[in-house]
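Colleague: A predicted structure for the sequence below; I have some questions about it.
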Amino acid sequence: MFHLAKHARADGPTDPTGTSAPAGDLDEALWRGAAAVLDANWTGTHTVPSRTLYPHQWSWDAAFISVGLAHIAPDRAWRDLRSLFEAQWPDGRVPHIVFDPNVTERDYFPGPTFWGGGGTQPYPGAPPTGAQRGPVRLSSGIVQPPVHALGAWLTWLRRPGETAVAELRWLYPRLVAQQEYLATARDVDGAGLSAIVHPWESGLDNSPAWDQALAAVPADLAVLHRYARRDTQVVSSTHRPTDEDYARYLTIALSYRDRGYRDADLAGRHPFLVECPGFNALRGAAERALARIAEVVGADPAPHRARAATITRALVDRLFDPESGLFHVRDLRTGRRSPARCVNGLLPLVLPDLPQAQVSSLVAAVSSPRFGVSERMPVPSYDRLAADFDPYRYWRGPVWFNINWLLWRGLRTHGHDALADTLRTALLGLVRDAGYHEYFHPDSGAGIGSPAFSWTAALALDLLAKPDDLG
Ligand code: 9WN
């Protein structure tokens, strides 16, 4: 997982037709600052998460970025989503990284050589690079949470019109194929939830949610001699996964890659297979967004609503723990739910049809000492009372903007407006004091990771705009 790119191609000025900043000097400054981050991270065809750390296009980043661009440059929001979906695989999967051919292999690890196994094909069965369709960009072979239908729907909602309808028409079958892949190839237990085959697929890469399942994967440090880490050359190793965990990440990725990224018989052979409540809640939210998109493009919304309802039911049946009052990940290799209380266990709050009992339980957790929101501090990525809560290490304590933006929407969806407002105040306070960082220290609020991080800026724009219609 890493980088070093220093190339900058900051073209693509903010669209002058973008909605203006909300009233108030401070908000005006925040708004302009956020727009400037997105301008600087625009390459001409897509937005990078960060110029310094993540020089390619990332999947769920693109979705969050579109939510912000919808307010200031909807044309770029559509272009970004197109750029990602142009790299969709024939089986429907949308890769978690789409590599920029102008960035060198040195600039990020694991790069195209790792994911391609040294070959030049973007994926098994793909047309050769440079064939009639134009250059096919190389990609990784794993996925990330499907937030894209929501991003597309919100982009349309903020700026409806003919262009937006045309873009939705182009995207709709691709978004359906993405969901279809997750609902079939990845429904390993046949119980209505998708399994992830790598912690990186969750987007919460180093969360304690994976510890129990990872413990069964051998930590073969020799793999780190074959593949050198880059992350710890750039960021303090105290912020990053341990070498043991990193070796496991590579082992799991190699296992999937070396079997051609096939999903058949995963249960029999793959070392990591987990159902994540965050990933599946976002899949449910995607079906709801697709139902709305279907109405615009003249397709049938009913199957999307039905699938969304099935996902919510399966989440409650399989991943909710009445004792902790949270959703937990389930290891499909052992059938066990992890005891770790992680922020992905709160994300089903985004589902409007979540039963009242679970809504109350999650709202209580959002206000509890474990995750407690205050006007100063949003929700951390992990239980503050856990012995291994770590305020610096990736996804093991720090505050992340995208997760909190989702929770803000979830609280509003269920009518908890006062708590949602407190969370919004805390989020905007963080970026006002620390800038648009990748993540934040859960006590001091100091910015950690990359500065000028795209999804933080994009989602701050949405918070500042505070749209009445959540979509
Ligand atoms: C690996 C880009 C991505 C995010 C992930 C975040 C981090 C990558 C890394 O950065 O992961 O995919 O190199 O650490 O964990 O959620 O999409 O912003």
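Modeller: Great, that's in hand. Numbers count the residues shown, from 1 in each chain.

Colleague: from here on, contacts and neighbour counts on C-alpha atoms
Modeller: Noted.

Colleague: Thought Ser368 was touching Arg384, still the case?
Modeller: No - with contacts defined as Cα atoms under 8 Å, Arg384 does not count as touching Ser368, sitting 9.9 Å away.

Colleague: who's more crowded, those two?
Modeller: Arg384 (23 against 13; other Cα atoms under 10 Å).

Colleague: Surely the more buried one is within a strand?
Modeller: No - assignment of Arg384 by DSSP: H, G, I helix; E, B strand; the rest coil gives coil, placing it outside any strand.

Colleague: For it, report the pLDDT, please.
Modeller: Reading off the per-residue confidence, Arg384 sits at a pLDDT of 98.

Colleague: residues contacting it?
Modeller: With contacts defined as Cα atoms under 8 Å, 6 or more residues apart in numbering, the neighbours of Arg384 are 369-371, 397.

Colleague: Now list the buried members of those residues.
Modeller: For the contacts of Arg384, burial is judged from neighbour counts taken by 16 or more other Cα atoms under 10 Å, and it is met by 370-371, 397.

Colleague: which one of those is nearest Leu411?
Modeller: If you rank the buried ones among the contacts of Arg384 by distance to Leu411 using Cα to Cα, Phe371 comes first, at 14.3 Å.

Colleague: The closest one contacts Ala386, correct?
Modeller: No - in terms of Cα under 8 Å, Phe371 does not count as a neighbour of Ala386; the distance is 10.8 Å.

Colleague: Which residue ranges of the stretch 201-350 of the chain form strands?
Modeller: Defined through DSSP state E, counting those that start in this stretch, the strands belonging to the stretch 201-350 of the chain, from first to last, are 274-275, 320-321, 326-327, 330-331.

Colleague: now for those, which one comes closest to Leu138?
Modeller: Between Leu138 and these, the shortest gap by Cα to Cα is with strand 274-275, which sits at 26.3 Å.

Colleague: Can you name every helix or strand that the closest one contacts?
Modeller: Using 3 or more Cα pairs under 8 Å, 6 or more residues apart in numbering; DSSP states H and E as the contact test, the elements touching strand 274-275 are strand 195-196, strand 330-331.

Colleague: what's the neighbour count on whichever residue of the stretch 151-300 of the chain sits closest to the ligand?
Modeller: Nearest to the ligand in the stretch 151-300 of the chain, going by Cα to the nearest ligand atom, is Gly203, at a distance of 3.6 Å. Here the count is done by other Cα under 10 Å, and Gly203 has 20 residues near it.

Colleague: How about it, nearest residue that isn't a chain neighbour?
Modeller: The shortest distance from Gly203 to any residue other than its chain neighbours is 6.0 Å, reached at Gln144 (Cα to Cα, 6 or more residues apart in numbering).

Colleague: Report the entries of the contacts of Arg384 that also contact the ligand.
Modeller: Taking Cα under 6 Å from any ligand atom as the test, the ligand is in contact with none of those.

Colleague: Closest to the ligand out of the residues you listed?
Modeller: Set against the ligand, the nearest of the contacts of Arg384 by Cα to the nearest ligand atom is Gly397 (12.9 Å).

Colleague: pLDDT score for that closest one?
Modeller: Spelled out, the predicted local distance difference test score at Gly397 is 98.

Colleague: OK, contacts around it?
Modeller: Contacts for Gly397 (Cα under 8 Å, 6+ apart) come out as 380-384, 389-391, 441-442.

Colleague: Got the phi and psi for it?
Modeller: Taking degrees, to the nearest 10, you get phi 170, psi -50 for the backbone angles of Gly397.

Colleague: ok, now Gly325?
Modeller: Backbone dihedrals for Gly325, given as degrees, to the nearest 10, come out at phi 80, psi 20.

Colleague: now the one 10 residues further on
Modeller: Gly335 has phi and psi values of phi 80, psi 0 when expressed as degrees, to the nearest 10.

Colleague: so how far is Asp189 from it?
Modeller: Relative to Asp189, Gly335 is positioned 10 Å away (Cα to Cα, to the nearest Å).

Colleague: These two: who's more crowded?
Modeller: Relative neighbour count places Asp189 above the other of Gly335 and Asp189, with 12 against 9, counting by other Cα under 10 Å.

Colleague: which SSE is the more buried one in?
Modeller: Assignment of secondary structure by DSSP states H and E places Asp189 within no helix or strand.

Colleague: Return the distance of the residue nearest to it when sequence neighbours are not counted relative to Leu315.
Modeller: Take Asp189 and drop its neighbours on the chain: the residue closest to it by Cα to Cα, 6+ apart is Leu332, 7.6 Å away. In this view, Leu332 and Leu315 are 14 Å apart by Cα to Cα.

Colleague: higher neighbour count, those two?
Modeller: Neighbours of Leu332 and Leu315, each counted by other Cα under 10 Å, are more numerous for Leu315; the result is 25 against 18.

Colleague: quick one: the more buried one from the ligand, how far?
Modeller: To the ligand, Leu315 is 22 Å away according to Cα to the nearest ligand atom, to the nearest Å.

Colleague: Got the confidence number for the residue nearest to Asp189?
Modeller: Leu332 is assigned a pLDDT of 98 by the prediction.

Colleague: My guess is it contacts His270. True?
Modeller: No - contact status for Leu332 versus His270: not in contact, 10.5 Å apart, counting by Cα under 8 Å.

Colleague: Look up the closest residue to Asp417, ignoring the ones flanking it.
Modeller: Leu411 (6.6 Å).

Colleague: Which element, helix or strand, includes the one you found?
Modeller: If you go by DSSP H and E, Leu411 is part of helix 401-413.

Colleague: and that helix with the ligand, contact?
Modeller: No - contact check for helix 401-413 against the ligand, using Cα under 6 Å from any ligand atom: none in range, with a minimum separation of 9.1 Å.

Colleague: Tell me where the model's unsure across the chain.
Modeller: Counting by pLDDT under 70, the chain contains low-confidence residues at 1-26, 118-136.

Colleague: Spatially central, which residue of it would that be?
Modeller: The C-alpha lying nearest the average C-alpha coordinate of the chain belongs to Trp60 (Cα atoms, centre = their mean; 3.8 Å).

Colleague: what's it in contact with, if anything?
Modeller: Listed by Cα under 8 Å, 6+ apart, the contact partners of Trp60 are 96, 144-148, 203.

Colleague: May I ask which of those has the most neighbours?
Modeller: Highest neighbour count within the contacts of Trp60: His148, with 30 neighbours (other Cα under 10 Å).
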